[in-house]
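J.: Sequence and predicted structure below; questions after.
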Amino acid sequence: MSSLIKDMTREQVVEEKLCIQKALLRFESVHGRPSSRADRDLMRPLYDRYRSVKRLIGGSPFQGAGSGLGSAKEDALQPIIEHVQMDFKSPFPQQPLQQQQQITGSDFEANFANKESSDLCDGPVSSITSDLRDHEPSPPLTPLEKQSCNLHELPLPELLAEQRKTKLEKRRIRRLLRQFEEDFQLATGRKVQREDRTPMEKSYAQYKHIKARLRLMEALVLKNENQVKC
């Protein structure tokens, strides 16, 4: 499927929205909402793409299209309600036993863009399907966001290859850090504390970044696999 939303048909845009929705829902159910600044920077382009396709579906480019492509599939999308288990097997939403309060888009946007990890971790999985504010310009991309944009543009085979490569790099750095911690404990008789990590500070930061990058790849692989099924 084309990575340029403007080149898609209405049906493709609706399928793209559903696939991203499933991927982000699965990602948040496994990992929670992006907590650290690095995680938020890496995941922002995927959340932004979801916002873009959601905005496009409700906007003017497809209004009055004679073919009505995707209208049935779009109408079948389930509203995601907080604390309610979702069933993507049926095209028709299940009525929850108890109606829960739905998170507003402005709440999610503010949290994702500005708040620190303690606030973001408390948010529900359902936040990714909220209506996001359209009138605010996106902030400039950070280096981490640019990296995640590049990952987003990769076809599935290249993405899987990059994922394997990153996993190997993660194992390499993990062995390096484990060796440092074992040597430190032998020399001092105690385990490494945060203040003892200074000599390996760059390696610890790199390891943390790689873990976040792998989580993003997991979401992108799931999105691509959903596109094949859609």
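T.: Arrived safely, thanks for sending. Numbering: from 1, shown residues only.

J.: Of all the residues in stretch 181-191, which ones are buried?
T.: For stretch 181-191, the neighbour count (16 or more other C-beta atoms under 10 Å) marks Phe184 as buried. Using the backbone N, CA and C atoms, a C-beta is placed for each residue, glycine as well.

J.: show me where pLDDT drops low in the protein?
T.: The chain contains residues with pLDDT under 70 at 1-5, 59-149, 228-230.

J.: can we see that at 90?
T.: Applying pLDDT under 90 to the chain flags residues 1-156, 159, 212-213, 215-230.

J.: which stretches of it form helices?
T.: Using DSSP state H, the helices of the chain run over 10-31, 37-57, 71-75, 105-114, 117-120, 143-153, 156-188, 201-229.

J.: helices or strands up against the longest one?
T.: Counting contacts by 3 or more C-beta pairs under 8 Å, 6 or more residues apart in numbering; DSSP states H and E, helix 156-188 is packed against helix 201-229.

J.: Compute the inter-axis angle for the helix it packs on and helix 10-31.
T.: Interaxial angle of helix 201-229 relative to helix 10-31 (axes from the mean of the first three to the mean of the last three C-alpha atoms, to 10 degrees): 140 degrees.

J.: quick one: helix 201-229 to helix 37-57, angle?
T.: 30 degrees.

J.: Now do the buried residues in helix 201-229.
T.: Across helix 201-229, burial judged by 16+ other C-beta under 10 Å covers 204, 206-207, 209-213, 215-220, 222-224, 226-227.

J.: how about the nearest residue to Tyr207 once chain neighbours are set aside, what does it touch?
T.: Computed as C-beta to C-beta, 6 or more residues apart in numbering, the closest residue to Tyr207 that is not its neighbour in sequence is Ile173, at 4.7 Å. Residues in contact with Ile173 (C-beta atoms under 8 Å, 6 or more residues apart in numbering) are 203, 206-207, 210.

J.: of these, closest to Leu156?
T.: Ile210 (20.5 Å; C-beta to C-beta).

J.: what's the distance between that closest one and Ala161?
T.: Applying C-beta to C-beta, to the nearest Å, the value for Ile210 to Ala161 is 16 Å.
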